[in-house]
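J.: build me a structure from this.
(one chain, ligands or ions: 1)
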Amino acid sequence: MNFHVSTKIIVVQMFFTCILRGMREKEVEVYFDWAVQRIGGRTWKFTSPGRKGVADRIACLPDGQTWFVELKTKGGRLSELQKLFEMDMMLLRQNYACLWTKEQVDAFITTVSRDSR
Ligand SMILES: [Mg+2]
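T.: Numbering: from 1, shown residues only. Predicted coordinates:
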């Protein structure tokens, strides 16, 4: 009986942890989309059928730069497939960034804006 109750509690905790984490990552993603649009760029949700681990967003900036951007929530980690995608991007000399917070999104925007001058 005790085991049954604690199992339910753990399941409920995991459920809310997943929802809150998911919301926070979505929040960072929405903020990233807004921040890129604010400087005149556009982002698109990136999915690649049959290929897991690709970045969450492709961002096209007004100066011609294209970035592959992974958004995470605080404490979020890259999966092995996401690490492979990051390595592919580095080897192909593409622009890749992984951002965990809104502050990092702001820093990213400042850096890419400065680099385009
Ligand atoms: Mg993500």
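J.: from now on I want contacts and neighbour counts done on CA atoms only, so please keep to that.
T.: Noted.
J.: just want the most central residue of the protein.
T.: The centroid of the chain falls nearest to residue 71 when counting by Cα atoms, centre = their mean (1.0 Å).
J.: which residues touch the residue lying closest to that one once chain neighbours are set aside?
T.: Of all residues not flanking residue 71 in the chain, residue 99 sits nearest, at 5.1 Å (Cα to Cα, 6 or more residues apart in numbering). Contact partners of residue 99, counting by Cα atoms under 8 Å, 6 or more residues apart in numbering, are 69-72, 105.
J.: hang on, the residue nearest to the centre of the chain packs against residue 56?
T.: Yes. Contact criterion Cα atoms under 8 Å: residue 71 and residue 56 qualify, at 6.4 Å.
J.: and the residue of the chain at minimum distance from the ion, what is it in contact with?
T.: Among the residues of the chain, residue 71 lies closest to the ion, at 4.3 Å counting by Cα to the ion. Neighbour list for residue 71: 25, 28-29, 55-57, 98-100 [criterion: Cα under 8 Å, 6+ apart].
J.: backbone phi and psi for it, please?
T.: Main-chain torsions, residue 71, degrees, to the nearest 10: phi -110, psi 140.
J.: just the one 4 residues further on next, same as before
T.: Backbone geometry at residue 75, expressed as degrees, to the nearest 10, gives phi 90, psi -10.
J.: and what of residue 107?
T.: Per-residue torsions, residue 107: phi -60, psi -40 (degrees, to the nearest 10).
J.: so how many other residues sit close to it?
T.: Neighbourhood size, residue 107 [other Cα atoms under 10 Å]: 13.
J.: same question, residue 75
T.: 9.
J.: which residue is the nearest non-sequential neighbour of it?
T.: residue 100 (7.8 Å).
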